[in-house]
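Q: could you look at this predicted model? Sequence included:
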Amino acid sequence: MADYVMVIPVVNTPELLRNCLSSFSIPKDNLLLIDNSISGFCKEHESIARVRYFPENLGVGRSWNLGLKEKHDYTIMCSCTMVFPDGLSKLVENLYLAASRMLHIGHAWHCTVLGKKMVEQVGLFDENFYPAYFEDNDWGRRLFLQRRGLEGFDEDTYDQSNLAWLPMKAKSQGDASSIKAGIRVSTKKLLNYYIEKWGGRPFGMYIDHARSKNGYSLPFNKYPLDYFPDSTVAELKEKYGL
């Protein structure tokens with residue numbers, strides 16, 4: 001049995017979560033719900049999942065990081081908008097594909113698997129992309145830059161070497177859960193933060209490989225690849241006018 005955790009951040013979308021959880025069954029210890037709601041509605045799922053409660057929205061990146069910090073061999077990061085008609089057995093059986101590559105199932109970052117080794121090399125998600133958007137581009141950019149520094153790096157085969165696809169039955173219940181929950185997001189200010197950090201705009205959806213040659217090779221042109229400012233949720237809300 002693979003050592004893994006599936007982490008699902010939720011805010012104010014109880015029906016979406018019910019639909020998601022009713023579509024698969026995995027051991028309770030392998031399922032982690034990050035309840036960012038004030039109501040704590042995830043209590044109804046405590047029999048099938050571990051639940052961590054927070055009085056405010058931590059944001060996507062910080063929520064994902066809670067799962068990654070458990071340091072399992074594999075972390076499945078999933079949106080509560082996802083539904084799996086045939087369950088998760090195929091994904092669990094093929095987690096080994098994420099040993100050295102990002103594993104996607106065809107729904108972008110709504111369901112992505114990262115292996116522990118890759119996270120150790122690239123770092124956690126930048127929690128300053130609050131509450132959501134561009135944290136995936138940022139992580140993908142850091143992955144490319146980390147790989148580019150390795151001996152034998154080949155840009156022409158980069159995507160094939162670092163992105164694995166697993167075709168399986170899965171569907172989305174619609175827009176991102178943050179939109180359905182009515183979460184305020186300042187995409188313009190988030191983009192400005194990305195540009196401040198990297199000296200250019202994001203390039204690419206799954207792997208932000210920076211092939212445009214624009215921008216910095218280090219965060220803010222001076223820090224290690226895994227660096228991001230240590231900011232509280234309150235500070236980020238003020239920064240982005242939320």
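A: Everything's here; your move. Numbering: from 1, shown residues only.
Q: now do the contacts for residue 83.
A: 19-20, 23, 170-173 (CB atoms under 8 Å, 6 or more residues apart in numbering). C-beta: built from backbone N, CA, C; applies to glycine.
Q: and of the residues you listed, the nearest to residue 137?
A: Taking CB to CB as the measure, residue 137 lies nearest residue 172 of those, at 19.6 Å.
Q: in this structure, which helix or strand is least confident?
A: helix 177-180 (a mean of 52; mean pLDDT, DSSP states H and E).
Q: mean confidence for the helix or strand following that one?
A: Next in sequence after helix 177-180, counting helices and strands by DSSP states H and E, comes helix 187-198. On average, the pLDDT along helix 187-198 is 95.
Q: who touches helix 187-198?
A: Against helix 187-198 from outside (CB under 8 Å, 6+ apart): 126, 128-130, 133-134, 137-138, 141, 201-202, 210, 215-216, 219-220, 228, 239-241.
Q: make a ChimeraX selection of the buried ones in those residues.
A: The buried subset of the contacts of helix 187-198, as determined by 16 or more other CB atoms under 10 Å, is captured in ChimeraX by this line:
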select :126,128,129,130,133,134,137,138,141,202,210,215,216,219,228,239,240
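Q: mind listing the strands for this structure?
A: 4-10, 31-35, 50-53, 74-78, 82-83, 102-104, 111-115, 163-165, 171-172 (DSSP state E).
Q: reformat those strands as CSV; add mean pLDDT and distance to residue 95.
A: Formatted as CSV, those follow (pLDDT from 0 to 100; distance: least, CB to CB, whole Å):
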stretch, mean pLDDT, distance to residue 95
strand 4-10, 97, 6
strand 31-35, 98, 15
strand 50-53, 98, 19
strand 74-78, 98, 5
strand 82-83, 96, 17
strand 102-104, 95, 7
strand 111-115, 97, 6
strand 163-165, 93, 10
strand 171-172, 92, 21
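Q: what segments of this protein are helices?
A: In the chain, the helices defined using DSSP state H lie at 14-21, 60-68, 89-93, 116-122, 135-148, 158-162, 177-180, 187-198, 233-239.
Q: about what we covered before: ok, of the contacts of residue 83, which come out buried?
A: 20, 23, 170, 172-173.
Q: how about those, which pair is most distant?
A: Taking CB to CB, the two most distant members of these are 23 and 172; they sit 11.9 Å apart.
Q: can you lay out the buried ones among the contacts of residue 83 as CSV showing distance to residue 158?
A: Output for the buried ones among the contacts of residue 83, formatted as CSV (distance: CB to CB, whole Å):
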residue, distance to residue 158
20, 32
23, 34
170, 26
172, 27
173, 33
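Q: and the gap between residue 145 and residue 161?
A: 15 Å (CB to CB, to the nearest Å).
Q: neighbour-wise, which of those two wins?
A: residue 145 (20 against 13; other CB atoms under 10 Å).
Q: need the pLDDT of the more buried one.
A: For residue 145, the pLDDT comes out at 89.
Q: just confirm it contacts residue 225, I think it does.
A: Yes. The criterion here is CB atoms under 8 Å, and residue 145 meets it with residue 225 at 6.0 Å.
Q: which neighbours do the two have in common?
A: residue 218.
Q: if we can go back for a sec, closest to residue 65 out of the buried ones among the contacts of residue 83?
A: Distance to residue 65, by CB to CB, is smallest for residue 20 among the buried ones among the contacts of residue 83, at 20.6 Å.
Q: how near is that closest one to residue 157?
A: The span separating residue 20 from residue 157 equals 35 Å under the rule CB to CB.
Q: and if you look at residue 99?
A: Counting by CB to CB, the separation of residue 99 from residue 157 is 18 Å.
Q: these two: which is more packed in?
A: Neighbours per residue (other CB under 10 Å) separate residue 99 from residue 157, with residue 99 holding more: 14 against 9.
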